[in-house]
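K.L.:
Here is my input; please provide its structure:
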Amino acid sequence: MNTTVSCELHLRLVVSSESSLPVPAGLRYDTADPYAVHATFHTGAEETVEWVFARDLLAEASTGPPAPATSESGRRAVTVRASCASP
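P.N.:
Coordinates of the predicted model:
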């Protein structure tokens with residue numbers, strides 16, 4: 001039997017050092033795919049973008065050495081930087 005765990009998040013997309021935008025998101029883990037965590041970012045009224053992260057990568061980011069940045073609430077912040085290389 002497969003088990004699924006999910007949660008909704010309130011993330012911020014950092015546009016510049018002075019500006020950020022709210023991005024609602026959800027994380028989902030399913031024992032049917034035990035090494036992956038699926039992140040769904042809600043980018044519009046009906047639009048979503050899904051990324052898949054290695055479970056161990058997220059676990060290391062959340063339990064490893066303290067990150068230099070923290071959220072406004074004082075909680076630890078995990079930063080994900082995405083880039084696109086030119087072909």
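K.L.:
C-alpha only now, for contacts and for neighbours.
P.N.:
OK.
K.L.:
Identify the residue nearest the geometric centre of this structure.
P.N.:
residue 39 (5.9 Å; C-alpha atoms, centre = their mean).
K.L.:
show me what contacts that residue?
P.N.:
25-28, 50-53 (C-alpha atoms under 8 Å, 6 or more residues apart in numbering).
K.L.:
Which positions are bridged to it in the beta structure?
P.N.:
With DSSP bridges as the criterion, residue 39 is bridged to residue 27, residue 51.
K.L.:
and it, how far is that from residue 19?
P.N.:
Residue 39 is 23 Å from residue 19, where distance means C-alpha to C-alpha, to the nearest Å.
K.L.:
Then residue 41?
P.N.:
19 Å.
K.L.:
Comparing those two, which shows the higher neighbour count?
P.N.:
Just comparing residue 41 and residue 19: by other C-alpha atoms under 10 Å the higher neighbour count belongs to residue 41, 20 against 9.
K.L.:
What helix or strand is that one located in?
P.N.:
strand 36-42 (DSSP states H and E).
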